[in-house]
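In: Using only what follows, build the 3D model:
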Amino acid sequence: MTQRVLILGGRGRIGSSVAQDIAKHTQAEIAVTGRRLLEMQCQASIQYLILDLAETEKLRQAISNTDIVVHCAGPFHYRDTFVLQLCIEQSVNYVDVSDHRSYTTKVLTLHEQAAEKGITAVINTGIFPGISNSIVRQCVEKFDEPENIHLSYVVSGSGGAGVTVMRTTFLGLQNPFEAWINGKWETVKPYTERETINFPKPYRESGVYWFDMPETFTLPKAFPTVKNVITKFGSVPDFYNHLTWIAANLFPVGWIQNPGGVEFLSQVSHFMTDVTDNFSGIGVAIRSEVAGMKDGKSKKYCATLTHKNTAIAAGCGTGSIVQLLLEGKLDKPGVYPVESALSTDLFAETMQSRGIEINQQWL
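Out: Purely as a prediction, here's the structure:
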């Protein structure tokens with residue numbers, strides 16, 4: 001029988017990249033949803049549907065006719081667990097590109113329900129979080145006792161991901177968050193404690209700052225011997241970092257807390273990146289450094305990845321999970337962040353098939 005994949009919010013740049021990856025690597029029929037009809041290039045394997053997540057019965061019907069639901073309708077700061085609940089109700093596997101701690105926390109509460117129904121739900125599957133988490137797992141598995149994780153990202157301009165990513169960035173500045181430091185949860189303020197990280201070419205030395213990501217919360221739980229998990233994010237050109245720092249630290253709190261203020265800053269930033277993308281590119285770099293004990297000695301291991309298009313890289317991360325589910329290679333009932341669901345062997349296999357190279361070395 002023909003397998004079917006439903007992509008919610010699939011007309012944005014991330015959702016479109018997910019659809020393209022699934023179409024390339026599987027034989028599934030793909031239904032992509034959006035709230036309005038847009039002119040898009042047609043493909044035989046992709047159908048476009050008008051669907052708002054608020055249309056409960058229409059959503060339920062769409063899910064009932066599919067094998068896997070892929071939730072790409074961000075920002076996830078505002079989302080509840082209703083989509084996953086419908087998937088559990090109808091025994092449909094679930095994948096998402098969620099990128100905020102609040103949503104991750106909520107969907108993880110459905111773990112037992114999903115497990116009882118035999119549903120595999122894999123969350124945080126894009127590029128960061130997503131591929132980044134699996135890179136950390138690769139590094140962690142090199143150690144007898146991993147102790148410290150330092151995970152950094154840098155994105156050029158818009159990353160090719162549209163205004164939703166701008167909204168996500170400014171929404172991430174709204175509140176302090178908990179980070180795992182010295183074996184306990186400590187409160188950290190977003191976009192503080194700048195570090196200069198040496199990424200691969202063309203990024204070289206780039207500034208990164210504390211940023212609230214789901215992996216700040218999930219990695220300590222996945223790897224319980226780890227005492228520190230640091231997650232930092234930055235932008236290229238560097239003046240975007242300084243503008244974001246000003247928004248996080250100097251603007252009146254009400255500007256960032258107000259939806260209108262977030263939308264204004266997001267639209268202005270999107271306009272600016274439309275210009276700077278022409279010379280900065282829209283790529284991404286990830287650097288994972290893990291320290292710990294190996295053969296009785298203290299060591300460090302580093303893995304890096306670069307991709308020229310952040311949105312396409314996110315599509316590879318999510319599309320690879322969908323591919324494995326369709327092929328029956330990934331079957332783990334319950335709700336899991338990607339680093340807890342995906343083995344390193346399967347991760348390496350899917351990245352190789354997509355031409356994504358991960359450079360690894362002992363330091």
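In: Show me where the stretch 1-150 of the chain has its helices.
Out: Per DSSP state H, counting those that start in this stretch, the stretch 1-150 of the chain carries helices over the ranges 13-25, 56-64, 82-89, 101-108, 111-117, 131-140.
In: Turn those into TSV, columns for distance to residue 246 and mean neighbour count.
Out: Heads up, the C-betas are built off the backbone N, CA and C, glycines and all. Listed next are the helices of the stretch 1-150 of the chain as TSV, based on distance: least, CB to CB, whole Å; neighbours: other CB atoms under 10 Å:
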stretch	distance to residue 246	mean neighbour count
helix 13-25	27	24
helix 56-64	40	14
helix 82-89	36	19
helix 101-108	24	20
helix 111-117	40	16
helix 131-140	26	25
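In: Any chance of those in CSV with distance to residue 288 as columns?
Out: Output for the helices of the stretch 1-150 of the chain, formatted as CSV (distance: least, CB to CB, whole Å):
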stretch, distance to residue 288
helix 13-25, 22
helix 56-64, 35
helix 82-89, 28
helix 101-108, 19
helix 111-117, 26
helix 131-140, 5
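In: Of these, which is nearest residue 76?
Out: With CB to CB as the measure, helix 101-108 is the member of the helices of the stretch 1-150 of the chain nearest residue 76 (4.0 Å).
In: Rounded mean pLDDT for that closest one, please.
Out: In this model, helix 101-108 carries a mean pLDDT of 96.
In: Centre of the chain to that helix, how far?
Out: The gap between the average C-alpha position of helix 101-108 and the chain average comes to 13 Å, counting by CA atoms, centre = their mean, to the nearest Å.
In: Same question for stretch 288-307.
Out: On CA atoms, centre = their mean, the centre of stretch 288-307 falls 22 Å from that of its chain.
In: now do stretch 61-70
Out: The answer for stretch 61-70 is 22 Å, by CA atoms, centre = their mean.
In: max-length helix in the protein?
Out: As assigned by DSSP state H, the longest helix anywhere in the chain is helix 259-280.
In: got the angle between the helix or strand that it is followed by and helix 131-140?
Out: Following helix 259-280 in sequence order, the next helix or strand is strand 284-294 (DSSP states H and E). For strand 284-294 against helix 131-140, the angle by axes from the mean of the first three to the mean of the last three CA atoms, to 10 degrees is 20 degrees.
In: The next helix or strand after strand 284-294 pairs with which strands?
Out: Under the assignment DSSP H and E, the closest C-terminal helix or strand after strand 284-294 is strand 297-307. Applying DSSP bridges to the sheet, strand 297-307 is found paired with strand 284-294 (antiparallel), strand 359-362 (antiparallel).
In: And strand 297-307, what's buried?
Out: For strand 297-307, burial by neighbour count (16 or more other CB atoms under 10 Å) applies to 300-307.
In: can you list the residues you listed in TSV and add pLDDT and distance to residue 180?
Out: Formatted as TSV, the buried residues of strand 297-307 follow (pLDDT from 0 to 100; distance: CB to CB, whole Å):
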residue	pLDDT	distance to residue 180
300	98	18
301	98	19
302	98	20
303	98	20
304	98	23
305	97	23
306	97	27
307	97	27
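In: and of those residues, the nearest to residue 282?
Out: residue 307 (9.7 Å).
In: Bridge partners for that closest one, pull those for me.
Out: Beta-bridge pairing of residue 307, defined through DSSP bridges, involves residue 284.
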